[in-house]
Each structure stands twice: as C-alpha cells, then as structure tokens.
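J.: Turn this into a model:
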Amino acid sequence: MQDKSTIETVVKRKLCTGCGTCAGICPQDALDMIVDTKSSCYIPLLNRDRCTRCGLCYEVCPGHSVDFEGLNAALFGDIPEDIALGRYLGCYVGHATDEDVRYNSASGGLVSSLLAFALEEGLIDGALVTRMRSDDPLKPETFIARTRADILSAAGSKYCPAAAGAALKEILRSDGRFAIVGLPCHIQGVRKAEQHIASLKERIRYRISIACSLDYSFRGTRRFLESIGVPVDAVTRLQYRGRGWPGGMMIRLKDGAERTIPLADYYNALSPYSLRRCTLCSDMLGELSDLTCGDAWIPEIMRADQTGSSFVVSRTPEGEELLERAASKEAVELSGLGLPELLASQGHALFKKRKLKARMRLFKLAGQSVPSYQQRLLDPIRGDYTHMMKFYAARCALCGDHRILGGLFRAVRWLKRLRTNHARAATSR
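T.: As a prediction, this is how the structure comes out:
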C-alpha cells in the first residue's frame, strides 16, 4: 500500500488535466483543487497528513493515461471502428423547444433542456453542472443542480478551467441517480473512477460530454479583459456565450454598464492561452460518454440559424432513450444528421487524432512527459509539424515555456534533416 503512486506524480510530470476527479473520489478527503499561479489552471493539492497512499487518485486520473480500447471494450462491448468519432448509435441536430432557454444558451440549449426534462420526469435526482460564481465572476463553480432553475443557471460555455470532478464527492454522499456534464477529460476521469468505485457507477445514469478542442487558462480571460480596457475587479458578471448564436461574451460592471464582445473577437485572443496539457489530448468528442453535444458548425444551419442548434451523438442505449423520450414529449426538437456532415462540422476531431503524434514528438524532443493512450491515431502530415511549431511558438512567447521552445528548435533541425534526406533520396532515384 505504501508504494502506490499518488496524484503528485502526475502533477510533477505536468500531465494533470485539472479535471478534479482525484479530489472528488479521495476516501480521506486529502485533496483540494487549487489554482496554480504558474499555469493559471487547477491542480490538486495533497494533504500528506491525511493521505494513506491508497493510490486511488492515481488510478482514476485521466492525465497520465487513458486505455480507450480497454474502456470501450468494457463499457460498450467492442472497439469502435471510427477513429474520429468513436462509438455511436445515432447522430442528430437539435435544440430546446423553449425559446428563452434556446436563446440564452451557447448552442440551442439542448443539454439544459435534456437535464431539466430528466429531472422533471424523475429519471435523475440531480445533475452535476458548472456555472460562473456570483462572488468571483471569473471563476467557475461545479455543483449538483436539483431544480430546473439551478440547471438553467449553468447554461452556456465556460472558456476557462473547471475542476468539475471535485463535485463527485457530493454524489458519493447522496442517494439517487445523477447526470454529469463535463468536458471529455472529465468524462474520462468519471469512467475510470467507476471502474474502481461501484457505488459511483450505480449513482450515475447519464454522462454528457461537451465537445472540446482546447480549454484556456484563467490568465487568458484576464488578459483579454485588460486588452479591451475592462478592469478585472470591476466585473460583477461574466457570461462567455448566450443571447443568440454564436453569441458573445457578456460583461456586466459594478456601475451597471454592460458590454458584449462577439465570439470571434475574444475566442482568437484566448488561443495562445490554451492549457499545456490540453494540447496533448486525443479526445475532442467525449468518446466515453452516453451523449456528446456541441455547436452545429454546419453551413446550412449557420446561414439560417441565429438562435442556436447543437449536434448530439448518442453512444449508449440509455443516451438514445433519453433523446427519444425528450423529443416525444416535445422538450427538444431533433432531426437526423448524416455522419459525413457531422465530421465535416467537427474537423478538429480528426485533426487531433492526426496532429497528436507530432505534438508528442515535440514534447519528447524537449524532454517532457506525454500521456499514454491506448487507441489508434493517424500519422501526421508535414504541414502538421509546421502548424505545430507556429502554435507553440506563439504560446511560448506569451507563457514563457522555454523547455518547449528548446524542443521547437530541435524539431526544426529534425525537419530540416528529414527534408534533406527526402531530397537526397529523390536525387538518387
């Protein structure tokens, strides 16, 4: 028992996703999620006096490794053939039928409506969701919503870290069945935890993943606010998405004034502040969830829809049944979506699978740790290496990650050697 690794090992190797799963399931309450001043993201802080080194925090952590093939086989009975999407039963596009919910959500209010429907129908007793705090509006809080109003208070995207898994402790201490909404890393942590904690698996009925290409540090939002002349301490409310689609950032100040910033204006500004560990993620579409939802970036919808629609992928019979029941009782409106259209609208899902090998190669050249994924990935093309170096160079300029910068220089030399060898081979032929 005394020899088992703890989550400290993951943090030291800079592989922590900040998901909070470890803190949520620790039997000794020996972990708290804190904001690391250097990374501007959540990391777990271990109370060594309480810790018994049971190793459970390490076992459930998705940061150091995820056995996608093993989990797919255990959960779904097979290994999915589709590399980009993972296992799926159905693909749809839809939105809330309540127009107020639809307008005030990020992309059609589908998740909020499904949760409210499940709660009102007695399918769940609560839902783990995340909203921005009222006392600290640039920070999120994850909680168990037990009313429709609670669920709607959490509507909308949050482009900042969220240690959602830390709220699992409340589920473990409660009776009933629950839904969980999180990013792919949160769902990975939950699935790994369920393999070790039977009572957690019994309590969770639905796992809903929000599509995620990258998440961004708290520093990114603060720097953006400063760049547009908004003092951080003057903000009383911040909402990243809502009020139509694609919506924008709504900022309310202490003097009562409000500002709305279009999504495109601030989303690009956040890009260099992407979290380091997020750039090594292979899972954009929450492949281990019951349902995956996200913006429907489909040309026909984008041209006509100013209120919002979401794609949704069902992966389990439970998820498919929830969609069918909610649609039959007109809580949501759904229509079929072809797989080619879905994948075309979520191109980053395939790019992640293709670019990941290039990114991992860079990290290894820089002497940095990388996660272990048991799943098929695609081989990168030459352009992926060029894009990768530009991406990390911009990030290094802002974040000062000099070890990765050193890896960039080594990667450049490696690419030059590769091109030289190709040229020599072509000449010899």
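J.: Can you classify G108 by secondary structure?
T.: Secondary structure state of G108, per DSSP: H, G, I helix; E, B strand; the rest coil, is coil.
J.: Quick check: which element contains the closest residue to it other than its chain neighbours?
T.: Spatially, and ignoring its direct neighbours in sequence, G108 is nearest to H95 (3.3 Å; CB to CB, 6 or more residues apart in numbering). C-betas here are computed from N, CA, C, even on glycine. H95 is located in strand 90-96, with elements delineated by DSSP states H and E.
J.: Which helix or strand lies directly C-terminal to that strand?
T.: For strand 90-96, the succeeding helix or strand toward the C-terminus, using DSSP H and E, is helix 99-103.
J.: Which of the residues in that following helix are classified as buried?
T.: By neighbour count on 16 or more other CB atoms under 10 Å, the buried set for helix 99-103 is 101-103.
J.: same thing with stretch 129-140?
T.: Those would be 129-132, 137, 139-140, for stretch 129-140 by 16+ other CB under 10 Å.
J.: can you give me the end-to-end distance of it?
T.: Length of stretch 129-140, first residue to last, CA to CA, to the nearest Å: 10 Å.
J.: Equivalent analysis for stretch 178-190, please.
T.: End-to-end distance (CA to CA), stretch 178-190: 13 Å.
J.: now that stretch, how far from the centre of its chain.
T.: 9 Å (CA atoms, centre = their mean, to the nearest Å).
J.: and it, which residues are buried?
T.: Within stretch 178-190, the residues that count as buried by 16+ other CB under 10 Å are 178-190.
J.: I'd like to know which of those is nearest to P380.
T.: Within the buried residues of stretch 178-190, the smallest distance to P380 is 20.6 Å, found for P184 (CB to CB).
J.: From L115, how far off is that closest one?
T.: Going from P184 to L115 by CB to CB, to the nearest Å gives 18 Å.
J.: quick one: the strands in the stretch 251-400 of the chain?
T.: According to DSSP state E, counting those that start in this stretch, the stretch 251-400 of the chain carries its strands in the segments 258-262, 291-295, 310-314, 332-336, 372-373.
J.: tell me the contacts of the spatially most central residue of the chain?
T.: With distances taken as CA atoms, centre = their mean, the residue of the chain nearest its centroid is L183 (2.9 Å). By CB atoms under 8 Å, 6 or more residues apart in numbering, the residues touching L183 are 19, 162, 164, 209-210, 212, 215, 286.
J.: Give me the buried entries from these.
T.: 19, 162, 164, 209-210, 212, 215, 286.
J.: in a strand, that's where E141 is, yeah?
T.: Yes: counting by three-state DSSP, one finds E141 located in a strand.
J.: Quick one, grab the pLDDT at it.
T.: With respect to pLDDT, E141 scores 98.
J.: got it, and L398?
T.: pLDDT, L398: 63.
J.: Start at 53, not 1
T.: Happy to do that; since the first residue is 53 now, the last one works out to L450.
J.: Tell me the confidence at A263?
T.: A263 carries a pLDDT score of 96 in this model.
J.: Please report how far it lies from D84.
T.: Applying CB to CB, the value for A263 to D84 is 29 Å.
J.: When these two are compared, which one has more neighbours?
T.: A263 (22 against 16; other CB atoms under 10 Å).
J.: Without its sequence neighbours, what residue ends up closest to that one?
T.: G346 (3.0 Å).
J.: How many neighbouring residues does the one you found have?
T.: Using other CB under 10 Å, the number of residues around G346 comes to 26.
J.: residue contacts, it?
T.: 159, 262-263, 337, 362-363, 398.
J.: Bridged to it, which residues?
T.: G346 has these beta-bridge partners by DSSP bridges: F363.
J.: What residue, apart from its backbone neighbours, is nearest R293 spatially?
T.: In this structure, R293 finds its nearest non-sequential neighbour in A158, 3.7 Å apart by CB to CB, 6+ apart.
J.: any idea how far the one you found lies from F169?
T.: Applying CB to CB to A158 and F169 gives a distance of 18 Å.
J.: quick one: low-confidence ranges for the stretch 303-452 of the chain?
T.: In the predicted model of the stretch 303-452 of the chain, residues 449-452 satisfy pLDDT under 70.
J.: Do a quick rundown of the helices in it.
T.: Using DSSP state H, counting those that start in this stretch, the helices of the stretch 303-452 of the chain run over 315-322, 351-356, 369-380, 391-397, 399-417, 434-451.
J.: Quick one: closest of those helices to S251.
T.: It's helix 369-380; of those, that one is closest to S251 (CB to CB) at 18.3 Å.
J.: Would you mind listing the outside residues contacting the closest one?
T.: Applying CB under 8 Å, 6+ apart, the contact partners of helix 369-380 are 141-142, 144, 146, 165-166, 169-170, 173, 175, 257-258, 341-343, 364, 366, 384-386.
J.: domains in this structure, as residue ranges please.
T.: For the chain, automatic domain parsing gives the domain ranges 59-118, 120-397, 400-480.
J.: Just confirm R259 is within a strand.
T.: Yes: judged by three-state DSSP, R259 forms part of a strand.
J.: Tell me who's in contact with it.
T.: R259 touches 231-232, 234, 239, 242-243, 340-343, counting by CB under 8 Å, 6+ apart.
J.: my guess is T104 meets L98, correct?
T.: No: using CB atoms under 8 Å as the test, T104 is too far from L98 to be in contact (11.5 Å).
J.: shared neighbours of the two, anything?
T.: Residues touching both T104 and L98 (CB under 8 Å, 6+ apart): A82.
J.: Okay, angle between the strand holding H147 and strand 362-366 too, please.
T.: For strand 142-148 against strand 362-366, the angle by axes from the mean of the first three to the mean of the last three CA atoms, to 10 degrees is 140 degrees.
J.: in its sheet, what does strand 142-148 sit against?
T.: Strand 142-148 is paired, per DSSP bridges, with strand 362-366 (antiparallel), strand 384-388 (antiparallel).
J.: To G294, which of those lies closest?
T.: strand 362-366 (13.5 Å).
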